[in-house]
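**Student:** below is the structure, and that's it, no one-letter string:
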């Protein structure tokens, strides 16, 4: 589970303790994210490849069963599940059936795809704490209680950090034009996006001598995989930085990034971006055939704005030349960058709501309400 999720969990617990003095956290340690059972709980992401899920499945089933038994014995006033809907929703259904109150902090993306999953959410929780302002209305339409609390990242991330200082911190030339690459954190993502991103960087390097490139790697495995792809493809020098994506984003004049949280972080740091994504061809065909995805836009900046603020190059459109041209469009248009800067700043303000305190207040209201 990413480190910033753990920090958000700690903030929520701290705020709850301040708001409800009699409440005492049970289950997950706010810093180490460990259960009283002594094992770390970290469910694989919903979009992880099937083989990853299967590898973790026996341990997760065992942990969920033991955690459920412990919670039914201790009977806390409320259970708060943090993200990981594949792990938490099944647990929450069992707890709620036993008369415990349950809260899901971070909505599953039921508003985006496989919307029928909202029925499971309705069975699982008394309240959903939403990070995005458009989510509660979706839940209201399905008779699920939901509260918008804002996004913890918007509270934590400093907008428009100094690019030159970020470049110095990364050992880059502070005066050189800089493009950042964020190819994702999972093996499949990096495997599909490294080649077009590296190819785009090579084209930009040829057309714009003196430009430098920096890649954010989530961990050692991501660094190794991207490094091997870079060695295989060649044609450009790219500085790879492990575990510091925000500084990489801050150092950039433009960011080329995978769909997901990276687009939100880029919005909050306030840098122009080009979103790209590829999935397995069979997954893409199935999604289109059964109309599983219900979104007009795929990147969080565009979803939040309700319009096409940034380019989205998906699947067959995600070619090295298309990516390079989209980056150059930002680099060459001062007016477009200024307009985007203003739009991103407004979106940041909308998401900055002191999320931990609002989440705590919503849980306190639930505890104060004796009815279901």
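**Tutor:** In hand now; what should we look at? Keep in mind it's a predicted model, so treat the numbers as computed, not measured.

**Student:** mind listing the strands for the stretch 151-300 of the chain?
**Tutor:** Taking DSSP state E, counting those that start in this stretch to define them, one finds strands in the stretch 151-300 of the chain at 178-182, 212-217, 239-242, 254-258, 273-277.

**Student:** direction included, what does the host helix or strand of residue 81 pair against?
**Tutor:** Here residue 81, judged by DSSP states H and E, is contained in strand 78-82. Here strand 78-82 is paired, per DSSP bridges, with strand 101-105 (parallel).

**Student:** distance from the partner strand to the middle of the chain?
**Tutor:** 20 Å (Cα atoms, centre = their mean, to the nearest Å).

**Student:** that one: what's the following helix or strand?
**Tutor:** Going down the chain from strand 101-105, the next helix or strand is helix 118-124, by DSSP H and E.

**Student:** show me what the helix or strand following that following helix is packed up against.
**Tutor:** Per DSSP H and E, the first helix or strand lying C-terminal to helix 118-124 is strand 127-130. Secondary-structure packing of strand 127-130 (3 or more Cβ pairs under 8 Å, 6 or more residues apart in numbering; DSSP states H and E): strand 101-105, helix 135-140, strand 146-148, helix 355-368. Placement of C-beta: from N, CA and C, glycine included.

**Student:** contact partners of the shortest one?
**Tutor:** For strand 146-148, the external contacting residues (Cβ atoms under 8 Å, 6 or more residues apart in numbering) are 107, 127-133, 135-136, 138-140, 353, 358, 362.

**Student:** of the residues you listed, closest to residue 324?
**Tutor:** Within those, the smallest distance to residue 324 is 31.2 Å, found for residue 132 (Cβ to Cβ).

**Student:** for that closest one, give me phi and psi.
**Tutor:** phi -120, psi 140 (degrees, to the nearest 10).

**Student:** so it makes contact with residue 305?
**Tutor:** No - judged on Cβ atoms under 8 Å, residue 132 makes no contact with residue 305 at a distance of 11.7 Å.

**Student:** for the helix or strand following the strand holding residue 81, what does the pLDDT average out to?
**Tutor:** Downstream of strand 78-82, the first helix or strand assigned by DSSP H and E is helix 85-97. Mean pLDDT, helix 85-97: 94.

**Student:** what helices or strands is helix 85-97 leaning on?
**Tutor:** With contacts defined as 3+ Cβ pairs under 8 Å, 6+ apart, helix 85-97 has these neighbours: helix 50-74, strand 78-82, strand 101-105, helix 118-124.

**Student:** residue ranges with poor pLDDT in the stretch 251-372 of the chain?
**Tutor:** Within the stretch 251-372 of the chain, the segments meeting pLDDT under 70 span 283-295, 370-372.

**Student:** and what of the stretch 101-250 of the chain?
**Tutor:** For the stretch 101-250 of the chain, no stretch has pLDDT under 70.

**Student:** hang on, the earlier thing: could you dump the helices and strands packed on helix 85-97 to JSON lines with mean neighbour count and distance to residue 368?
**Tutor:** Listed next are those as JSON lines, based on neighbours: other Cβ atoms under 10 Å; distance: least, Cβ to Cβ, whole Å:
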{"stretch": "helix 50-74", "mean neighbour count": "14", "distance to residue 368": "21"}
{"stretch": "strand 78-82", "mean neighbour count": "21", "distance to residue 368": "11"}
{"stretch": "strand 101-105", "mean neighbour count": "24", "distance to residue 368": "11"}
{"stretch": "helix 118-124", "mean neighbour count": "17", "distance to residue 368": "21"}
